[in-house]
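[1] model the structure of this input:
(chains A, B, C and D)
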Protein chains: 2
Amino acid sequence: MDERLTGTVAAFRQIIATLRREKMAGGLSRAAGMPLDQPDVQVLVYLLDAGEPRRVGAIADGLQVAGPHVTRHVSALEGRGLLERVRDPEDGRAWQITLTSEGDKVAQQCVELTTAWFGAAMADWPEEDRDELLRLLTKLNTDVTEHIQRQRVN
Amino acid sequence: MDERLTGTVAAFRQIIATLRREKMAGGLSRAAGMPLDQPDVQVLVYLLDAGEPRRVGAIADGLQVAGPHVTRHVSALEGRGLLERVRDPEDGRAWQITLTSEGDKVAQQCVELTTAWFGAAMADWPEEDRDELLRLLTKLNTDVTEHIQRQRVN
DNA sequence: TATTGTTATACTCTATAACTATA
DNA sequence: TATAGTTATAGAGTATAACAATA
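    Numbers count the residues shown, from 1 in each chain, chains lettered A, B, ... in the order given. From the prediction side, this is the model:
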């Protein structure tokens, strides 16, 4: 068995545990001046990254969660004026979820704060290591996703 | 703002989402021939890594969860014969939690299966990249933990 | 009086099932 | 009849508060 892999998995697991416990959403709520839980933030940031309106189903796929979960948070965020539901002109069953300008602002704050947080944590990282981490995590993401899909087929 | 960091955070978040959805514990249960939820596995693997009996409080610290959470899973695992509670000879309030030989076996299976899973996902990774991922995640783990502690002080 | 662990309770995140409206 | 989304309900994981026993 590859000792390196065991160590890598352990490190990964611990980072996840640490970040979970940190409850970043509390800080984001304070910065945004309104209550935002973690799935709220994920929906907002997903839409910001997308750069254009997206369906409820697309958000669920992107975040890898079930549809009803997205529905609930979209409804809450709509109620707070951070996004809007617009009927999809090409499919009367679907909605296009759109960030309002307020929602766009809040989403950007979330990204900036999170990035700044990691930036501070990694303040003394050399350029090469930053490049490498991005490259390797991106690759890991691809390979893990592919591996799961391969397994599904079998 | 560092674009690399934004990408790194995004990749990290997506890997977490993918792994969460994969519900590894189901496969581990099947392999072990008994129901094991995710916190069960974490407790077992923590004790295996420790290599010797540990207190409930130490397990909670190590997994970064609250005490009562550990108590519940320790009780369940004890009921299934995977571990034992032995009074700490030096402190009558505390328990030393010990893996039974059965528990040790199951914990090893969990580690092996998880490692094998990642090994398959990363099958075509060159040696250097494996080394680098281990090095960078270990470093990230250290730096994130330190950053949180620095913030706590302020 | 402080600490270890437990019991009881509640909260957050997410899933599944049943339903509705449209295709 | 299939699909997009919603409503209602349930489950997993974890936290907080109140307590017991020992230090």
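[2] nearest residue to the middle of chain A?
    With distances taken as Cα atoms, centre = their mean, residue A:42 lies nearest the centre of chain A, 4.2 Å away.
[3] next, the buried residues of the host helix or strand of that residue.
    Assigned by DSSP states H and E, residue A:42 falls within helix A:38-50. Neighbour-count burial for helix A:38-50, counted by 16 or more other Cβ atoms under 10 Å in any protein chain shown, picks out A:39-48. The way it works is simple: take the backbone N, C-alpha and C, and place the C-beta from them, glycine included.
[4] tell me, how many residues neighbour residue A:120?
    12 (other Cβ atoms under 10 Å in any protein chain shown).
[5] check contacts around the nearest residue to it once chain neighbours are set aside.
    In space, not counting the residues next to it along the chain, residue A:120 is nearest to residue B:147; the distance is 6.1 Å by Cβ to Cβ, 6 or more residues apart in numbering or on different chains. Residue B:147 is in contact with A:117, A:120-121, counting by Cβ atoms under 8 Å, 6 or more residues apart in numbering or on different chains.
[6] how far does stretch A:26-43 sit from the chain's center?
    12 Å (Cα atoms, centre = their mean, to the nearest Å).
[7] what's the first-to-last distance across it?
    From its first residue to its last, stretch A:26-43 covers 16 Å (Cα to Cα, to the nearest Å).
[8] could you check that stretch against DNA strand C for contacts?
    Yes. Using Cβ under 7 Å from any atom of the strand, stretch A:26-43 reaches DNA strand C at A:37-39, A:42.
[9] surely residue A:97 touches residue A:75?
    No. If you go by Cβ atoms under 8 Å, residue A:97 and residue A:75 don't touch, sitting 10.6 Å apart.
[10] of the two, who's got more company?
    residue A:97 (24 against 11).
[11] quick one: what helix or strand has the more buried one in it?
    Here residue A:97 is assigned to strand A:95-99, by DSSP H and E.
[12] ok, and does that strand reach over to DNA strand D?
    Yes. With Cβ under 7 Å from any atom of the strand as the criterion, DNA strand D is reached by strand A:95-99 at residue A:95.
[13] quick revisit: tilt between the strand or helix carrying the residue nearest to residue A:120 and helix A:127-153?
    Here residue B:147, judged by DSSP H and E, is contained in helix B:127-153. Orientation check (axes from the mean of the first three to the mean of the last three Cα atoms, to 10 degrees): helix B:127-153 against helix A:127-153 gives 110 degrees.
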